[in-house]
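Fold the following for me, if possible:
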Amino acid sequence: MVGNVAKTKTDLMRSIRDEIFNFKDSPLYAERAGNKVFPVIGEGSHDAAIMFIGEAPGKNEALTGRPFCGAAGKVLDQMLGSIGVPRKDVYITNIVKDRPPQNRDPLPEEISAYAPFLDRQIDIIQPKVIATLGRFSMKYIMERLGLGNMLQSISAIHGKIFEAKTSYGSVTIVPLYHPAATLYNPELKKELQKDFEVLSEFSLEK
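Numbers count the residues shown, from 1 in each chain. From the prediction side, this is the model:
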């Protein structure tokens, strides 16, 4: 029977996409509709061993529906290239799927509204490594996976390795500076480069 056919990862991710497109109760839905822009669901391999999680889309991302496609995305692409990992082989998303006005920081209620979609994306992809980009995703992921007692400022723990348990098994968490931060503080690019070298130590084959 059709109803008993197991859904593929692609089917499950499409369901998330459709729900987010129709998420009219979102605190950011009016912003999306009013500006005729798109939610940004995520992009990359559904079998990725490494998953990058940022905080929220920016202007270019909302216009195209693609994560990290602007200036910060170019930095991310450079970092991936430096460790020999094709962008298509990882999965890139954000906690919040719609752009906050004027690129402001996401509000707690916005993170709460969209976080269940991210949780489902993680359960579907089942990455070996979650690399958080910026302090908002660092805080959410570490608290969500029982590492809240280890939280410090991102300047203190970026590039460090944390182990956590998920519904599907063990996962490694590596907090990273958000690539956008390097656009305002070029010195951080050196730190981000070092932290990506930490990522390169992991076997990205599942």
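
count of neighbours near the closest residue to residue 148 other than its chain neighbours?
Of all residues not flanking residue 148 in the chain, residue 142 sits nearest, at 6.0 Å (C-beta to C-beta, 6 or more residues apart in numbering). Any C-beta I mention is one placed from the backbone N, CA and C, and that applies to glycine too. For residue 142, the number of neighbouring residues by other C-beta atoms under 10 Å comes to 22.

Just confirm residue 142 is within a strand.
No: counting by DSSP: H, G, I helix; E, B strand; the rest coil, residue 142 is not found in a strand; it is helix.

Next up, the contacts around it.
132, 148, 150, 151, 162, 164, 173, 175 (C-beta atoms under 8 Å, 6 or more residues apart in numbering).

Now list the buried members of the residues you listed.
132, 151, 162, 164, 173, 175 (16 or more other C-beta atoms under 10 Å).

Among the residues you listed, name the ones in strands.
Among these, DSSP state E puts 132, 162, 164, 173, 175 in strands.

All the strands of this structure, residue numbers only.
43-44, 50-54, 91-94, 129-133, 162-166, 169-176.

which residues sit against the helix or strand bottoming out on mean pLDDT in the chain?
Lowest mean confidence among the helices and strands of the chain (mean pLDDT, DSSP states H and E): helix 29-35, at a mean of 90. Here helix 29-35 makes contact (C-beta under 8 Å, 6+ apart) with 23, 26, 38, 39, 62, 98, 99, 100, 101.

For residue 81, see how far away the first one is.
Spelled out, that is residue 23. 34 Å (C-beta to C-beta, to the nearest Å).

Settle it for me: which of the two has more neighbours?
residue 23 (18 against 12).

ok, now which ones touch the more buried one?
Residues in contact with residue 23 (C-beta under 8 Å, 6+ apart) are 29, 39, 97, 113.

Okay, helices next: where are they in the chain?
9-21, 29-35, 59-64, 71-82, 108-125, 135-144, 154-157, 181-184, 187-199 (DSSP state H).

Now do the longest one: everything it contacts.
Residues lying outside helix 108-125 but in contact with it, judged by C-beta under 8 Å, 6+ apart, are 9, 12-13, 16, 19-20, 23, 25-28, 42, 46-48, 51, 53, 56, 91, 93-98, 100, 130, 136, 140, 144, 166-168.

what's the angle between it and helix 135-144?
When axes from the mean of the first three to the mean of the last three C-alpha atoms, to 10 degrees is applied, the directions of helix 108-125 and helix 135-144 differ by 70 degrees.

So what's the model's average confidence on helix 108-125?
For helix 108-125, mean pLDDT rounds to 97.

in it, what's buried?
By neighbour count with 16+ other C-beta under 10 Å, helix 108-125 contains the buried residues 110, 111, 113, 114, 117, 118, 121, 122, 124, 125.

Could you check how far the third one is from residue 10?
Here residue 113 is placed at a distance of 25 Å from residue 10 (C-beta to C-beta).

Which residues are in contact with the residue positioned nearest the centre of the chain?
Nearest to the geometric centre of the chain sits residue 53, at 1.7 Å (C-alpha atoms, centre = their mean). Neighbour list for residue 53: 93, 94, 95, 118, 130, 131, 132, 133, 137, 141 [criterion: C-beta under 8 Å, 6+ apart].
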